[in-house]
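*Asks:* build me a structure from this.
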Amino acid sequence: MVVFPNCKINLGLHVVHKREDGYHDLETIFYPLPLRDALEVVRRETADVKREISDNAAVSLQLSGLTVQGKTEDNLCIKAYNLLKKDHPQLGDVDMYLHKAIPMGAGLGGGSADGAFALQLFNDKFQLKLSREQLLDYSLQLGSDCPFFIINKPCFAKGRGELLQSIQLDLSAYSFLVVHPGVHINTGWAFSQLTPAPAPKPLQHIIQQPVDTWRNELKNDFEAPVCKHHPDMQAIKDRLYNAGALYASMTGSGSCFFGIFAKDQLPALQWPAAYAVFNLK
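*Replies:* Below is the predicted model of the structure:
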């Protein structure tokens, strides 16, 4: 069984409060985009299978595509399996294959999508009959962004990003240009650059306005400090606007930028060889 986890972008992002537990409350709009990884789960039929974790592991993970940093056992797909296995021992031994196309550490939520899609894949393949509410609960145990990918429709998010409210927002009349400069932004550093404050205008109101009015009101709090520290990133945003973007912004805490263009009117721009560029129509 194969699924194709997609990415997300943030339309506006405000850090509104630092909590006593050290986390921050934020407000943002999550919007899914069709840049996808590929995840396959195969029920293991024999015990004589080469595994990356240990000789006796009930689950293995093979990776291809973009290089994934860190230990294999820390991958959210593995964690999703282990999380479900505790409560559902009927979950059989499996081998997983993950092809990465979504850049990591870019604000696109690729790892969170992989974990959430893995939960749904196991639920379907092994007929666990978990409700959406149960899947949301499991996904939150994987990470704050994971619950969004269970819903996978435009949502207003608050709290740590796990409190989700579906909204009406259809951007299918537009095309997206996503640019990843390959720079890693440390999330802790990014938060340390901000002074939490309430949003000046509700995001839900702004996104109901025409897209070409968003430029002056739809802001990502992380963008200014990140661009100050990395001037090349400000240049990405400027190029998108100069090429006719109706709206351009950084997503998450960076370092990906996206531009929203009229349908099928994506510009043919030349970018440095180290950049990853995606035309999403």
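*Asks:* walking through the stretch 1-150 of the chain, point out its helices one by one.
*Replies:* 76-87, 110-125, 132-142, 146-151 (DSSP state H, counting those that start in this stretch).
*Asks:* so how far is the shortest one off the chain centroid?
*Replies:* Mean C-alpha position of helix 146-151 versus that of the full chain (CA atoms, centre = their mean, to the nearest Å) differs by 10 Å.
*Asks:* and the residue nearest the centre of this structure?
*Replies:* With distances taken as CA atoms, centre = their mean, the chain has residue 109 as the residue nearest its mean C-alpha position (1.4 Å).
*Asks:* ok, and what's touching the helix or strand of the chain with the lowest mean pLDDT?
*Replies:* Ranking every helix and strand in the chain by mean pLDDT, DSSP states H and E puts helix 187-192 at the bottom, with a mean of 92. Residues outside helix 187-192 that contact it (CB atoms under 8 Å, 6 or more residues apart in numbering): 15, 24, 222, 225, 226, 253, 254. Heads up, the C-betas are built off the backbone N, CA and C, glycines and all.
*Asks:* same deal with stretch 235-246?
*Replies:* Defining contact as CB under 8 Å, 6+ apart, one finds that stretch 235-246 is touched by 174, 177, 179, 181, 211-212, 214-215, 223, 227, 248-250, 257-262, 265, 267, 269.
*Asks:* how about the helices of the stretch 1-150 of the chain in JSON lines, adding mean pLDDT, mean neighbour count and distance to residue 44?
*Replies:* Converted to JSON lines, these look like this (pLDDT from 0 to 100; neighbours: other CB atoms under 10 Å; distance: least, CB to CB, whole Å):
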{"stretch": "helix 76-87", "mean pLDDT": "97", "mean neighbour count": "19", "distance to residue 44": "12"}
{"stretch": "helix 110-125", "mean pLDDT": "97", "mean neighbour count": "24", "distance to residue 44": "12"}
{"stretch": "helix 132-142", "mean pLDDT": "97", "mean neighbour count": "17", "distance to residue 44": "22"}
{"stretch": "helix 146-151", "mean pLDDT": "98", "mean neighbour count": "24", "distance to residue 44": "25"}
